[in-house]
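Trainee: pasting a predicted model and its sequence here:
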Amino acid sequence: MDGNDWFTAEQRLLTLLRDRKALRSDLIRAEEEPVLTFLSFSPLSGATEQRADEVRELLDRVWRQFDAYDEAVQEIADMRNNRDRLPRRAVPEVLRRLEDKVVVNRVADPVDEDDLRLTLTEAADLVRAKRNEAREALRTIDGHRTEANELSQKADRLMREATQLETRLLNRSSHYLEQLWVDVARLTLPITTDPLAWRDSAPEMEDVCRRLAERCEGLRKAVLLVSESDGEEVPPDTIRQQLAMLGLLESDLGERHAHARARVGNPCPPEPVTYCAELEDERAQIALNEGDWVDNLDDWLSLRQAVSEAVEDVRFQIASRSGLLDWRERLRADATAYWARAERLGLDRDPHLARRWDELNTQLYSAPLDLEDAEEKVSEFIRRIRGE
C-alpha cells in the first residue's frame, strides 16, 4: 500500500463524515418544520390526514435508512486511532467498506420484498431524496394551509369590520350579516382540519369575502352619510318625509294652477308637472329589493336626489303661477296709485282720461285677464298722467 491509498482513504472518509453530519442536520431541520408540528398535534381529516400519515411514515423510513447508513459510517470512523487519524494498516479495510453495499432498511420497505442494499454513497443519495420528498409534501400542505388561513383571516377581518359598522349604524347586526357569519363558519371549519381540500370551498369563500367587502363599502358610505347629515334620518326615512312634503307641494301647485288659470288668460300657465306618484312607486320597488337599505344605498341615494330635484321643480312651478297672480296685482296697484295721483292733480276732470280709467279698471278686475295687453294699457295710462 502506498501513500496515495492512505490519502485517498483519509479524504473519502472525511468527506463521508461531513456528508453524514450535513444529512443529519437536514433531517433534524425537517423534524422542526412548523407544519410538521401542526400535523402532529392538530386534529386532521380527509386528504390532509391521509397525506400526513404518508409523510410521517416516509420520515420514519428515512430515519431508519439514515440510522443504517450512520451505523455503517460509524463502523468505518471507529477504525481511526486515538489521534483521530487513519492507521495505515486499516486503509485496505476502509477502502473495501467504502465500496461495499450495506442494508439500509432495518425492516423490509413496503415496495421491496427484500432488504435494500446500497453503497454508502447510494444510501446517502437515497436518504437525501426521501428527505426532499417529505419536505415537498410538507411544503405543499403548508402552502395550502397558508392560503386557507389567509382567506379565512380575510373573511374574519371583513366580518369584524362589517359587524362594527352595522352596530354603529343600526345598533344591531342585520340578518344578512348573520347569514354570512354562518357561511364563514361552515367554510372555515374544514379548512382547519383539512387544508389540502380547502380549494374545493375556496370559490365559495372568495364569494363570501366579495359580498362582505361590498357590505363594508356600503356601510362605510352609509356611516359617512349619516355623520355628515348631522343626525338626519337614514335615506329611506328622509325620502319618505320628502315624498310627503312633495305631495303637499303638488297639492298646493294644483290649487295655484287652478287659481291662475281662472284669473289669467295670457300668458296661459302650462299644465303642471307632478312627480310624487311615480317616485313613490320607485320607493316601494326599492324597498322590495333583497337586503336592507345599506345594500341598496346607491338606489336610495339616487332616489333621494330625484325627490330633491322634483321638490325644487314643483316649487318653481308654484312660484311661476304665483308670479302671474302677482303681476295682475301689481298692474292693479300701479293703475290705482296713478289714478289717485291724477285726482290730486285735478286730471280726473278730464272726461277722456276718466273714461280710460273706467275702462282700464274694469279690464283689470275681469277674469281671465290678458296680462300682456293689460301691461301695455297700464303703461299708456301712466304715460298720459305723467304728460309724456
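Mentor: Arrived safely, thanks for sending.
Trainee: tell me where the stretch 1-150 of the chain has strands.
Mentor: Per DSSP state E, counting those that start in this stretch, the stretch 1-150 of the chain carries strands over the ranges 101-103, 117-119.
Trainee: least reliable of those going by mean pLDDT?
Mentor: When these are compared by mean pLDDT, strand 101-103 comes last with a mean of 64.
Trainee: can you tell me the centre-most residue of the chain?
Mentor: Nearest to the mean C-alpha position of the chain, by C-alpha atoms, centre = their mean, lies residue 213 at 2.0 Å.
Trainee: who are the contact partners of that residue?
Mentor: residue 158 (C-beta atoms under 8 Å, 6 or more residues apart in numbering). Quick note: C-beta positions are derived from backbone N, CA and C, even for glycine.
Trainee: elements contacting the helix ranked longest in the chain?
Mentor: The single longest helix within the chain, with elements called by DSSP state H, is helix 120-170. Contacts defined by 3 or more C-beta pairs under 8 Å, 6 or more residues apart in numbering; DSSP states H and E place helix 120-170 against helix 3-31, helix 34-41, helix 46-77, strand 101-103, helix 175-193, helix 198-228.
Trainee: export those to TSV and tack on distance to residue 300?
Mentor: Compiled in TSV, those are given as follows (distance: least, C-beta to C-beta, whole Å):
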stretch	distance to residue 300
helix 3-31	59
helix 34-41	47
helix 46-77	45
strand 101-103	79
helix 175-193	16
helix 198-228	9
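Trainee: what's the closest of those to residue 276?
Mentor: Nearest to residue 276, of all the helices and strands packed on helix 120-170, is helix 198-228, at 23.8 Å by C-beta to C-beta.
Trainee: what residues of the closest one count as buried?
Mentor: 198, 201-202, 205, 208-209, 211-212, 215-216, 218-219, 222-223, 225-226 (16 or more other C-beta atoms under 10 Å).
Trainee: kindly report the same for stretch 299-310.
Mentor: Buried, per 16+ other C-beta under 10 Å, within stretch 299-310: 299-300, 303-304, 306-307, 310.
Trainee: distance-wise, check the most far-flung residue of the chain relative to its centre relative to residue 212.
Mentor: Farthest-out residue of the chain from its mean C-alpha position, per C-alpha atoms, centre = their mean: residue 349, at 86.5 Å. Relative to residue 212, residue 349 is positioned 91 Å away (C-beta to C-beta, to the nearest Å).
Trainee: one more: residue 61?
Mentor: 45 Å.
Trainee: domains for the chain, by residue range?
Mentor: 3-144, 146-228, 235-319, 328-386 (automatic domain parsing).
Trainee: related to what we said a few turns ago, where's the dip in pLDDT among the buried residues of stretch 299-310?
Mentor: residue 300 (81).
Trainee: settle this for me: that one is touching residue 239, isn't it.
Mentor: Yes - counting by C-beta atoms under 8 Å, residue 300 does reach residue 239; the two are 6.7 Å apart.
Trainee: closest one of the buried residues of helix 198-228 to residue 327?
Mentor: Nearest to residue 327 out of those is residue 225 (C-beta to C-beta; 42.4 Å).
Trainee: that closest one against residue 235, yeah?
Mentor: Yes - in this structure, residue 225 is within contact of residue 235 by C-beta under 8 Å, at 7.4 Å.
Trainee: show me where the stretch 201-350 of the chain has helices.
Mentor: Under the criterion DSSP state H, counting those that start in this stretch, helices of the stretch 201-350 of the chain are mapped to 235-263, 276-287, 297-344.
Trainee: same for the longest one, what does it pack against?
Mentor: Counting by 3+ C-beta pairs under 8 Å, 6+ apart, the packing neighbours recorded for helix 297-344 are helix 198-228, helix 235-263, strand 264-266, helix 276-287, helix 351-364, helix 371-386.
Trainee: those into CSV, with extra columns for mean pLDDT and distance to residue 123?
Mentor: Formatted as CSV, the helices and strands packed on helix 297-344 follow (pLDDT from 0 to 100; distance: least, C-beta to C-beta, whole Å):
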stretch, mean pLDDT, distance to residue 123
helix 198-228, 78, 38
helix 235-263, 89, 76
strand 264-266, 86, 112
helix 276-287, 90, 75
helix 351-364, 91, 123
helix 371-386, 91, 114
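Trainee: wait, which of the ones you listed is closest to residue 179?
Mentor: So among the helices and strands packed on helix 297-344, helix 198-228 is nearest, using C-beta to C-beta, at 9.8 Å.
Trainee: tell me what angle that closest one forms with helix 120-170.
Mentor: 30 degrees (axes from the mean of the first three to the mean of the last three C-alpha atoms, to 10 degrees).
Trainee: re earlier: centre of the chain to the longest helix of the chain, how far?
Mentor: Remark: helix 120-170 is offset 23 Å from the chain centroid, using C-alpha atoms, centre = their mean, to the nearest Å.
Trainee: let me see the mean pLDDT of it.
Mentor: Regarding helix 120-170, the rounded mean pLDDT is 83.
Trainee: can you check stretch 322-342 too?
Mentor: 91.
Trainee: now do the buried residues in that stretch.
Mentor: Under the neighbour-count criterion of 16+ other C-beta under 10 Å, stretch 322-342 has 324-325, 327-328, 331-332, 334-335, 338-339, 342 buried.
Trainee: name the nearest residue to residue 364, ignoring sequence neighbours.
Mentor: Distance criterion C-beta to C-beta, 6 or more residues apart in numbering; nearest residue to residue 364, sequence neighbours excluded, is residue 332 at 5.0 Å.
Trainee: just the CA trace of stretch 370-387, in CSV.
Mentor: Extracted in CSV, the C-alpha atoms of stretch 370-387 (Å, rounded to 0.1, in the frame of the first residue of the first chain):
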residue,chain,number,x,y,z
ASP,A,370,-104.8,89.2,-20.6
LEU,A,371,-101.7,90.4,-18.7
GLU,A,372,-99.7,91.4,-21.7
ASP,A,373,-102.5,93.6,-23.1
ALA,A,374,-103.2,95.0,-19.6
GLU,A,375,-99.5,95.8,-19.1
GLU,A,376,-99.5,97.8,-22.3
LYS,A,377,-102.6,99.7,-21.4
VAL,A,378,-101.5,100.5,-17.9
SER,A,379,-98.2,101.8,-19.2
GLU,A,380,-100.1,104.0,-21.7
PHE,A,381,-102.4,105.3,-18.9
ILE,A,382,-99.4,106.1,-16.7
ARG,A,383,-97.7,108.0,-19.5
ARG,A,384,-100.8,110.1,-20.1
ILE,A,385,-100.9,111.1,-16.4
ARG,A,386,-97.2,111.9,-16.5
GLY,A,387,-97.9,114.0,-19.5
